[in-house]
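Q: I'd like to go over a predicted model; first the sequence, then the structure.
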Number of protein chains: 2
Amino acid sequence: MRDPEPLREALIKAGISLLEEGGAAALSLRRVAARAGVSHAAPAHHFAGLPGLWTAIAARAFQDFAQSLQRQVDAAPPDPRARLEATCQGYLDFAATHPGLFHIMFVSPEVNRADAGIAPHSARAYQILRDACLPFSSTSAPDPVLEIAVWSMAHGYATLRLHARPAGRPMPQAPAFAACLAALLDERTRGPLASQDEMR
Amino acid sequence: MRDPEPLREALIKAGISLLEEGGAAALSLRRVAARAGVSHAAPAHHFAGLPGLWTAIAARAFQDFAQSLQRQVDAAPPDPRARLEATCQGYLDFAATHPGLFHIMFVSPEVNRADAGIAPHSARAYQILRDACLPFSSTSAPDPVLEIAVWSMAHGYATLRLHARPAGRPMPQAPAFAACLAALLDERTRGPLASQDEMR
DNA sequence: ATCGGAACTTTACAGTGTCAGGCTCCAGAT
DNA sequence: ATCTGGAGCCTGACACTGTAAAGTTCCGAT
């Protein structure tokens, strides 16, 4: 069972490289087709149009994203604070390193984020953040408020650094994200053990 | 000195309505021209291309945004907590009510956010958030970490609610933003005495 | 062998941004 | 009074985009 639709695979890879080279504006069906060496209508046939291609790429991106997050968490020291910081740092790193994929994953209105190819990977990524937040819950159960607060802060910091940067108001010499996270967590550090450090 | 370039004004208004009706994808030079009743090349002449039109619209949007924020803060009770909550709520409301403008303001990579028409209004908006954060600083000086933490959390929450919503993972029944903000602030509420604050 | 459908290609069309010229009109210089 | 130059806007053209329809090739199942 090797090679399940090799062209589809090639088109996705071509799309990702286009995206990383020139941003979302550089990703077009015809360019993807040209890079894969097929006619311009082939991608539309496989993905049912541009939104379909974007959705397929987003699915792949979420998969890479969850993997990258998991790897970063696994490499962190075992204490809860370091693990949550590593999770957030992984989030920020991915956004900074792959702005095109990040855009497809979280911004583009055309991609269907409930797609069966996306949902499991995005859920897995969220579960990683969920696990990292668990030790900081005031009860022993997961704390959705904390999860959404951390997620929002990481996501907002990442996107603001990405887009609002040239505006130049406060972002360039902005405080490190770790400091912001500390402002959220310090009240809770009496529960688990605290670790003092800085990120980046 | 009334009516400085009425067509330019009409084009911006047409662009905004296009944006609010059909999102960023519906905003094109030619449609703007058609809606304003001029030839398809007129907008390009006035704004030096599509990015110029976007930038002009973003400038107008930041102006409205700062106004709306200010109005919401002024209508809030005078205690610091209520004022900061009102500021954040204004941020969230604007994003939810004008997703197209919000996209132009914070996401579109093509708009030059250092433009002279944008910078003053975006700076004013940031100053409003800055003022609202000031009473929660541990010192008497502004606390950039707190400002960026609040801004990131509000921005992240707003954008995740906008885009990640259809994915449907956690956002629909997500905790209210006020709860997330409380997680950030509660540690600090001993700091400021809710006695006297500055009004402008 | 033949039928049917999947995987493409070719052709065509409407819509997009951008550029190169035109046309008109009016303020300021001559 | 006339000339000049440019601002404001239009017409036409070009390259590029997504999408749809129809044609081709090929292979597996009947």
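A: That came in fine, so what should we check first? Numbers count the residues shown, from 1 in each chain, chains lettered A, B, ... in the order given.
Q: And the helices in chain A, which stretches?
A: Per DSSP state H, chain A carries helices over the ranges A:6-22, A:29-36, A:42-47, A:50-74, A:80-97, A:99-106, A:119-133, A:144-163, A:177-185.
Q: For those, give me a markdown table that also has distance to B:Ser28.
A: Backbone N, C-alpha and C define where each C-beta goes, glycine included. Shown next, in a markdown table, are the helices of chain A (distance: least, Cβ to Cβ, whole Å):
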| stretch | distance to B:Ser28 |
| --- | --- |
| helix A:6-22 | 21 |
| helix A:29-36 | 19 |
| helix A:42-47 | 22 |
| helix A:50-74 | 16 |
| helix A:80-97 | 29 |
| helix A:99-106 | 20 |
| helix A:119-133 | 31 |
| helix A:144-163 | 22 |
| helix A:177-185 | 37 |
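Q: got CSV for those helices, with distance to B:Leu92, mean neighbour count and mean pLDDT too?
A: Converted to CSV, the helices of chain A look like this (distance: least, Cβ to Cβ, whole Å; neighbours: other Cβ atoms under 10 Å in any protein chain shown; pLDDT from 0 to 100):
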stretch, distance to B:Leu92, mean neighbour count, mean pLDDT
helix A:6-22, 30, 17, 96
helix A:29-36, 36, 18, 98
helix A:42-47, 34, 19, 96
helix A:50-74, 25, 20, 98
helix A:80-97, 21, 21, 97
helix A:99-106, 17, 23, 97
helix A:119-133, 21, 19, 97
helix A:144-163, 11, 24, 95
helix A:177-185, 18, 22, 93
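Q: mind putting those helices in a markdown table, distance to DNA strand C included?
A: Formatted as a markdown table, the helices of chain A follow (distance: least, Cβ to the nearest atom of the strand, whole Å):
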| stretch | distance to DNA strand C |
| --- | --- |
| helix A:6-22 | 4 |
| helix A:29-36 | 7 |
| helix A:42-47 | 4 |
| helix A:50-74 | 13 |
| helix A:80-97 | 27 |
| helix A:99-106 | 19 |
| helix A:119-133 | 23 |
| helix A:144-163 | 19 |
| helix A:177-185 | 35 |
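Q: Identify whichever of these lies nearest to B:Gly100.
A: Using Cβ to Cβ as the criterion, the shortest distance between B:Gly100 and the helices of chain A is 15.5 Å, found for helix A:144-163.
Q: do the closest one and chain B meet at all?
A: Yes. Helix A:144-163 comes into contact with chain B when judged by Cβ under 8 Å from any Cβ of the partner chain, the residues involved being A:144-149, A:151-160, A:163.
Q: what does stretch A:127-136 give?
A: No. Counting by Cβ under 8 Å from any Cβ, chain B is not contacted by stretch A:127-136; separation bottoms out at 8.9 Å.
Q: Other residues contacting that stretch?
A: Under the contact criterion Cβ atoms under 8 Å, 6 or more residues apart in numbering or on different chains, stretch A:127-136 has outside partners A:66, A:69-70, A:73, A:80, A:83-84, A:86-87, A:91, A:142-143, A:146-147, A:150-151, A:185, A:188, A:191-192.
Q: can we see that at 6 Å?
A: Counting contacts by Cβ atoms under 6 Å, 6 or more residues apart in numbering or on different chains, the residues outside stretch A:127-136 that touch it are A:Leu69, A:Gln70, A:Pro80, A:Arg83, A:Leu84, A:Thr87, A:Pro142, A:Leu146, A:Glu147, A:Val150, A:Arg188, A:Pro192.
Q: same check, this time on stretch A:69-81
A: By Cβ under 6 Å, 6+ apart, the list of residues contacting stretch A:69-81 from outside reads A:Ala82, A:Arg83, A:Ala86, A:Thr87, A:Gly90, A:Ala125, A:Ile128, A:Pro135, A:Pro192, A:Ser195.
Q: who's in contact with the second one?
A: Right, the one you point to is A:Arg83. Applying Cβ under 6 Å, 6+ apart, one finds that A:Arg83 lies in contact with A:Val73, A:Ala76, A:Ala132.
Q: mind giving me the domain split of chain A?
A: The record, using automatic domain parsing to delimit domains, assigns chain A the ranges A:1-47, A:57-188.
Q: closest point of chain A to DNA strand C, which residue?
A: A:Ser39 (2.8 Å; Cβ to the nearest atom of the strand).
Q: So that residue versus DNA strand D, what's the distance?
A: Taking Cβ to the nearest atom of the strand, to the nearest Å as the criterion, A:Ser39 is separated from DNA strand D by 9 Å.
Q: what does A:Thr97 give?
A: Using Cβ to the nearest atom of the strand, we find A:Thr97 at a distance of 24 Å from DNA strand D.
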